[in-house]
Structure formats: structure tokens, C-alpha cells
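Novice: got a sequence here, can you model it:
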Amino acid sequence: MIGVLIVDDDFMVAKVHSAFVAALDGFEVVGTAASGSEALAAVGRLRPDLVLLDIYLPDMTGLEVLRRLRAEGSTADVVVISAARDVDSIRTALHGGVLHYLVKPFDRRTFEERLRQYAALRGELAELDVAGQRDVDRVFGGARGSAPAPVATPKGITPQTLELVREALAAAAGQGLSASECSERTGLARVSARRYLEQLVAQGQADVRQRYGTAGRPERRFTLRTASR
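Specialist: As a prediction, this is how the structure comes out:
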């Protein structure tokens, strides 16, 4: 199993990324960290194979975490996952030896592709004893991969949280969820939960119906749309 440490100060983003990692064969989340100091301590304690590292952290930048890891001789591989788009950050990350740089927001497919590329790279290296130029080209090509494209979403809607809400609907099966129930399951505010549920409806991934109770206003319930519907 490839042990992954997730470093992000947004607990909701860390939760989503943890779910993404846990769903991939061959990967397991060994820990999470919400600051640079926590990340450095966790790397020393948990010895992860891979660190998913955000740039914007409360006590130091992810780039400083990367610099310290390399100065301490850590062999952990690093993939940057950040909204930082400035060239200096990208250049510094590249010089620090990161394998990939994912720009937020991105979709789940892009995330999984990068981790699968990483797993394939580890497999390539494990099988090599002495490498020829063709082997080196193949390994370095797999390490860089193709550039991810940001996903266009309405203002205030992030793909990671949208996926979290979609998974909450999936877990509810055919019973569906109200905005209040979705709020309880995801940790989002009720208003935010309703916005994300409505976005899934707009994308054709969910349906919404009115359910009338014995008293009071009708309740809107959202259900995930299946492939056959």
C-alpha cells in the first residue's frame, strides 16, 4: 500500500481528498495535517510514501515545508495541490522535486489520474535494475504527466465540496436527503448544502421532489440520479 499524508488547512478539503485517496486501490491515508509544523512532524512520525501538499498554510508556506523536508533528507514524494498559480511558486515546487502540481479547482478524475500515474511510476522504478535511455524517458514522462485543466464551476461552488455532497447523496441511496440532512452529514451550513444540492440538480446528477408531511411546509428532498434514469 502507498501511504499518503494529506496537508491542507481546510478540514473539508482534507476530508474530500482523504475520500478520494481511500477509494483508490493500492493507496491508504496514513494521516492529515492542517499546518506546516504538523506536516513536518507527521512526515517524521508516519513516514508516508507520498505527501499531498497545499501551498497556503497558516504558519508557513507549503514551499517552506518542501524545503525543510529536502533539507532533512526526507525521501517522501510530494504532489502539490494548491490554488497558487504564480510562476514563482510553480518554479520553486519544481526545483524542490515535486512530481505533480495540481491547481485547484480540479475534478476527481484528474486527481485519480495523477495518483495512478504516481503508482505506475513507483512500479516502473521498482522493476528497474539498470536503466537505459528509453527507460529513463518513460519514467520521466510518467512523472510529469499532462497538465491538468481547471474545472469551470459557478462562483462559490468548488468541485471538491460538490463531490462530497454527491457522495452524501449516494450514501443515502433511494431515500434521498433534505438540505438539513445533507448539512448534518457533510458539515456544511444548511444554505450551502442546499446550493450544492441544487447545483447537482442543474447538472443532471440529482432530482428534487416535494414531500408533504402532516403539518407545515413541504420538504424538498434530493436524490442522486442513477444511470438508468
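Novice: okay, CA-based contacts and neighbour counts for the rest of this
Specialist: Fine.
Novice: and whichever helix in the chain runs longest, what does it pack onto?
Specialist: If you go by DSSP state H, the chain has its longest helix at helix 108-127. Helices and strands touching helix 108-127, by 3 or more CA pairs under 8 Å, 6 or more residues apart in numbering; DSSP states H and E, are helix 11-22, helix 133-144, helix 159-171.
Novice: which of these has the lowest average pLDDT?
Specialist: Least confidently modelled of the helices and strands packed on helix 108-127 is helix 133-144, at a mean of 55 by mean pLDDT.
Novice: could I get the full set of strands for this protein?
Specialist: 2-7, 27-33, 50-53, 77-82, 100-103, 206-211, 219-224 (DSSP state E).
Novice: tell me the domain boundaries of the chain?
Specialist: Following automatic domain parsing, the chain resolves into domains at 2-144, 159-224.
Novice: could you dump those to CSV with mean neighbour count?
Specialist: Output for those, formatted as CSV (neighbours: other CA atoms under 10 Å):
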stretch, mean neighbour count
domain 2-144, 17
domain 159-224, 17
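Novice: ok so, going back, avg pLDDT for the longest helix of the chain?
Specialist: 82.
Novice: that one to strand 27-33, inter-axis angle?
Specialist: Helix 108-127 runs at 110 degrees relative to strand 27-33, counting by axes from the mean of the first three to the mean of the last three CA atoms, to 10 degrees.
Novice: what angle sits between helix 108-127 and strand 2-7?
Specialist: Angle, helix 108-127 to strand 2-7, by the same axes, to 10 degrees: 130 degrees.
Novice: where does pLDDT dip in this protein?
Specialist: Scanning the chain for pLDDT under 70 picks out 126-155, 212-218, 226-229.
Novice: now for Ile6: which residues touch it?
Specialist: Counting by CA atoms under 8 Å, 6 or more residues apart in numbering, Ile6 touches 14, 17-18, 29, 31-33, 51-53.
Novice: out of these, who's nearest Arg70?
Specialist: Arg70 lies nearest to Val51 out of the contacts of Ile6, by CA to CA, at 12.6 Å.
Novice: pretty sure that closest one contacts Thr75?
Specialist: No - using CA atoms under 8 Å as the test, Val51 is too far from Thr75 to be in contact (10.5 Å).
Novice: format the strands of the chain as TSV; extra columns: distance to Val165.
Specialist: Putting these into TSV (distance: least, CA to CA, whole Å) gives the following:
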stretch	distance to Val165
strand 2-7	20
strand 27-33	21
strand 50-53	22
strand 77-82	21
strand 100-103	21
strand 206-211	11
strand 219-224	10
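Novice: which one of those lies nearest to Glu167?
Specialist: Nearest to Glu167 among these is strand 219-224 (9.0 Å), distances taken as CA to CA.
Novice: from the contact counts, what lies against the closest one?
Specialist: helix 159-171, strand 206-211.
Novice: thought Pro105 was touching Thr158, still the case?
Specialist: Yes - counting by CA under 8 Å, Thr158 does reach Pro105; the two are 6.5 Å apart.
Novice: give me the common contacts of the two.
Specialist: Overlap between the contact sets of Thr158 and Pro105, as judged by CA under 8 Å, 6+ apart, is nil.
Novice: returning to what we had before: and the strands of the chain: which comes nearest Leu94?
Specialist: Per CA to CA, nearest to Leu94 of these: strand 100-103, 8.5 Å.
Novice: I'd like to know which elements that closest one is packed against.
Specialist: Identification of packing neighbours for strand 100-103 by 3+ CA pairs under 8 Å, 6+ apart yields strand 77-82.
Novice: contact partners of the strand it packs on?
Specialist: With contact meaning CA under 8 Å, 6+ apart, strand 77-82 is reached by 49-56, 93, 97-104.
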